[in-house]
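Visitor: predicted model, plus sequence, below.
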Amino acid sequence: MKYTSQAVAKPYFIAAIALFLGQILFGLIMGLQYVVGDFLFPAIPFNVARMVHTNLLIVWLLFGFMGASYYLIPEESETELFSPKLAITTFWVFLAAGAITVLGYLLVPYASLAKWTGNDLLNTMGREFLEQPLPTKVGIVLVALSWLFNITMTMLKGRKTAISLILTLGMLGLAVFFLFSFYNPVNLVKDKFYWWWVVHLWVEGVWELILGAMLAFVLIKVTGVDREVIEKWLYVIITMTLVTGIIGTGHHYYWIGTPAYWQWWGSIFSALEPIPFFMMTVFAFNMVNKRRREHPNKAAVLWALGTSVVAFLGAGVWGFLHTLAPINYYAHGTQLTAAHGHLAFYGAYALVVITMISYAMPILRGRAANPERAQIMEMWSFWLMTVSMFFIALLLTGAGVVQIWLQRISTTPMSFMAVQDSISIFYWAREAAGVVFLIGLLLYIGSFFVKGESRAIE
Amino acid sequence: MSATFTKSMARNVFYGGGVFFFLLFLALTFDTMKVLPKRDNSQNITPAVAHGKKLWETNNCIGCHTLLGEGAYFAPELGNVYVRRGPDFIKAWIKGQPTGVPGRRQMPQFNLSDMDIDDLIAFLKYASEINTNKWPPNIEG
């Protein structure tokens, strides 16, 4: 690596992968509970497993984003990180807070956890993805501020590139919109309305800036294409992201008590949301085709291209599938939503973090790229995880379509649970695909331990 | 992309576009907040409803159920459960959990008092009377 302080990224990446493994294990528990309802009951009820599954996802992605920025910003700014010590302290604080929170979910009834952690002072818990106790939420804010401070100070004393600016802007947005998680009015409609200011404006807004910046950084490094070209693309892509994604929030405002005009705003703008993702695919392939060097890290190139394609499929295509109001009227809150959620998060965010790790980790370990055998293993893990996740999305789409038909369209609508019984075959197959995904992930982890000859840093 | 479209132009379009659409979003939000009282059934928010919402949250009901279509997809939609099942059924159901039927999905026993359950039902009744543009399509949710 060029700057010694970039090394602080390493513990972040390791923690990200470890928590990713935890997320998948809890995913498999839930997948089984879908068909064997009393599996692990009452030790780990479904709602607890789901909290752990989704919260681990958020936390490991944040670890990935943070590690990526501690690696990327010094290199972009051409200066050492402002405070490596602060970055390491923040790491341990975040890891401890995350671990205690997950243990809290698993070991304490949620109502007691709420009582003990000051939820009576300020009600914030018990809303999807924002289940964290108050101290954890405050901790997340502090960690985000420390991260933002460290990165901004580094940037201020060095070169200011578009990539680092956009990454920092994304992080600023992440921190600002998270503040809405502290607003929980009794009025359910307002509660839901502003809940989306965290959830939607994160994943279909500011996180995409972080995603774009990380992808652009890796593409510059592995293709050697001129920075001017790549950064111009980046600006155009994220312009489209914000132009479509901000008003696109409206696709969540169809049926929660908000005015009907959101059906127009939401449908039109969110129908355009695939555009930036499609541009990202075109961009990534273009840059790789126009490459001016052969980077020895072939695996990183594969992950980067994979990110652009699967993000387009998961976020773009699967999002579009049910985003138009007349379709969403039937699809809202079914397995179709779950299908989209899985492929989109995997394609856009899990993959971009792995792309970054795959590019940076060998360098952090003192080599330009991993040994050939390790890279082949990584590529296997890419294909196993990607194909199995694609199958998970297809199977949940199948489940969702049948569910919509039996429960909402048929002239003799069936009850929710009766429908669930009749689509269990999809859930069984999904669980099998999940096992393949786990094998892919284990292979990925294994690739870090493969020994062999590797090229030194040029 | 052509050379006449420079990076600094792209940057300006980004900032301009981002700010414009965010302001438009704020304007729409402002209007939504203004018309919301006609739709959101907030006139029926009583202390019981408020307490019911808190119980809904502190027992993580959203971890299995959906409410107005949002949440987990493991258990039935509850935005209209008040209409679908009625208060007596809901009370008996909550008290009777878990069913313990082998292989079936299980709902935990939350040990709520009778008054708690009444408040929770008040919250579900309030939720069922929000104007949701006729969603869900039918009573099954």
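Guide: Looks like it arrived, so ask away. Numbering: from 1, shown residues only, chains lettered A, B, ... in the order given.
Visitor: thought A:Val236 was touching B:Ala10?
Guide: Yes - between A:Val236 and B:Ala10 there is a contact under C-beta atoms under 8 Å: 5.4 Å. Any C-beta I mention is one placed from the backbone N, CA and C, and that applies to glycine too.
Visitor: chain B: helices as residue ranges?
Guide: B:7-35, B:47-58, B:81-85, B:87-96, B:114-128 (DSSP state H).
Visitor: list the contacts for residue 110?
Guide: No chain was given, so I picked chain A. Residues near A:Tyr110 by C-beta atoms under 8 Å, 6 or more residues apart in numbering or on different chains: A:Asn47, A:Val48, A:Met51, A:Met125, A:Gly126, A:Glu131, B:Thr58, B:Asn59, B:Asn60.
Visitor: I was thinking of chain B, sorry if that wasn't clear
Guide: Shown in contact with B:Phe110 (C-beta under 8 Å, 6+ apart): A:Ala111, B:Asn59, B:Ile94, B:Gln97.
Visitor: tell me where the model's unsure across chain B.
Guide: Residues of chain B that meet the criterion pLDDT under 70 lie in B:1-2.
Visitor: still on that earlier bit, most neighbours among the contacts of B:Phe110, which one?
Guide: Counting neighbours by other C-beta atoms under 10 Å in any protein chain shown, B:Asn59 comes out on top of these with 22 neighbours.
Visitor: before we move on, the earlier item: now, among the contacts of B:Phe110, which is nearest to B:Gly103?
Guide: Minimum separation from B:Gly103 among the contacts of B:Phe110 (C-beta to C-beta) is found for B:Gln97, which lies at 16.0 Å.
Visitor: next, count neighbours for the closest residue in space to A:Tyr235 that isn't next to it in sequence.
Guide: Excluding the flanking residues, the one nearest A:Tyr235 by C-beta to C-beta, 6 or more residues apart in numbering or on different chains is B:Ala10, at 3.6 Å. When neighbours are defined as other C-beta under 10 Å, B:Ala10 has 20 of them.
Visitor: next up, the contacts around B:Ala10.
Guide: Residues in contact with B:Ala10 (C-beta under 8 Å, 6+ apart) are A:Lys232, A:Tyr235, A:Val236, A:Thr239.
Visitor: wait, the second one touches B:Val13, no?
Guide: Yes - distance between A:Tyr235 and B:Val13: 7.2 Å, which falls inside the contact criterion (C-beta under 8 Å).
Visitor: identify the residue spatially nearest to the residue nearest the centre of chain A, adjacent ones excluded.
Guide: Central residue of chain A (C-alpha atoms, centre = their mean): A:Tyr349, 3.5 Å from the mean position. With C-beta to C-beta, 6+ apart as the measure, A:Leu61 is the residue that lies nearest to A:Tyr349, at 5.2 Å, once sequence neighbours are left out.
Visitor: output the contacting helices and strands for the helix or strand hosting that neighbour.
Guide: Using DSSP states H and E, A:Leu61 falls within helix A:46-77. Counting by 3 or more C-beta pairs under 8 Å, 6 or more residues apart in numbering or on different chains; DSSP states H and E, the packing neighbours recorded for helix A:46-77 are helix A:9-33, helix A:84-107, helix A:110-116, helix A:134-156, helix A:162-178, helix A:207-223, helix A:351-364.
Visitor: so which elements touch the second one?
Guide: Packing partners of helix A:84-107 (3+ C-beta pairs under 8 Å, 6+ apart): helix A:9-33, helix A:46-77, helix A:134-156.
Visitor: do that again at 6 Å, thanks
Guide: helix A:46-77, helix A:134-156 (3 or more C-beta pairs under 6 Å, 6 or more residues apart in numbering or on different chains; DSSP states H and E).
Visitor: turn those helices into a markdown table, including distance to B:Asp118, mean neighbour count and mean pLDDT.
Guide: Below are those laid out as a markdown table (distance: least, C-beta to C-beta, whole Å; neighbours: other C-beta atoms under 10 Å in any protein chain shown; pLDDT from 0 to 100):
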| stretch | distance to B:Asp118 | mean neighbour count | mean pLDDT |
| --- | --- | --- | --- |
| helix A:46-77 | 23 | 25 | 98 |
| helix A:134-156 | 27 | 19 | 97 |
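Visitor: need these in a markdown table (columns: distance to A:Lys298).
Guide: Shown next, in a markdown table, are the helices and strands packed on helix A:84-107 (distance: least, C-beta to C-beta, whole Å):
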| stretch | distance to A:Lys298 |
| --- | --- |
| helix A:46-77 | 20 |
| helix A:134-156 | 30 |
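Visitor: and the helices in the stretch 151-300 of chain A, which stretches?
Guide: Taking DSSP state H, counting those that start in this stretch as the test, the helices found in the stretch 151-300 of chain A are A:162-178, A:188-201, A:207-223, A:227-248, A:262-271, A:274-289, A:298-311.
Visitor: so for the last one, what's the average pLDDT?
Guide: Meaning helix A:298-311. For helix A:298-311, mean pLDDT rounds to 98.
Visitor: repeat for the first one
Guide: For helix A:162-178, mean pLDDT is 97.
Visitor: spatially central, which residue of chain B would that be?
Guide: Closest to where the C-alpha atoms of chain B average out (C-alpha atoms, centre = their mean) is B:Leu67, at 4.1 Å.
Visitor: identify the bridge partners of that residue.
Guide: B:Glu70 (DSSP bridges).
Visitor: ok, back up a step: of the helices of the stretch 151-300 of chain A, which stretch is the most buried?
Guide: A comparison of the helices of the stretch 151-300 of chain A by mean neighbour count, using mean count of other C-beta atoms under 10 Å in any protein chain shown, puts helix A:207-223 on top with a mean of 26.
Visitor: contacts for it, please.
Guide: By C-beta atoms under 6 Å, 6 or more residues apart in numbering or on different chains, the residues outside helix A:207-223 that reach it are A:65, A:68, A:72, A:163, A:166-167, A:169-170, A:227, A:230, A:234, A:237-238, A:241, A:287-288, A:291, A:295, A:300-301, A:304, A:348, A:352, A:355-356, A:359.
Visitor: my guess is A:Gln375 contacts A:Ala299, does it?
Guide: Yes - A:Gln375 is within contact range of A:Ala299, at 4.3 Å (criterion: C-beta atoms under 6 Å).
Visitor: pretty sure B:Asn131 is touching B:Arg39, no?
Guide: Yes - with contacts counted by C-beta under 6 Å, B:Asn131 reaches B:Arg39, the gap being 4.0 Å.
Visitor: just want the residue of the stretch 101-250 of chain A that's nearest chain B.
Guide: The stretch 101-250 of chain A approaches chain B most closely through A:Gly126 (2.8 Å), counting by C-beta to the nearest C-beta.
Visitor: what kind of secondary structure is that residue in?
Guide: coil (DSSP: H, G, I helix; E, B strand; the rest coil).
Visitor: count of neighbours near it?
Guide: Using other C-beta under 10 Å, A:Gly126 is surrounded by 25 other residues.
Visitor: surely it meets B:Cys61?
Guide: No - if you go by C-beta under 6 Å, A:Gly126 and B:Cys61 don't touch, sitting 7.5 Å apart.
Visitor: regarding A:Thr42, what is its secondary structure?
Guide: Slight slip there: residue A:42 is Pro, not Thr. Here A:Pro42 is recorded as coil under three-state DSSP.
Visitor: now it, what are its backbone angles?
Guide: Phi and psi for A:Pro42, reported as degrees, to the nearest 10, are phi -90, psi 10.
Visitor: and it, how far is that from A:Val48?
Guide: Going from A:Pro42 to A:Val48 by C-beta to C-beta, to the nearest Å gives 10 Å.
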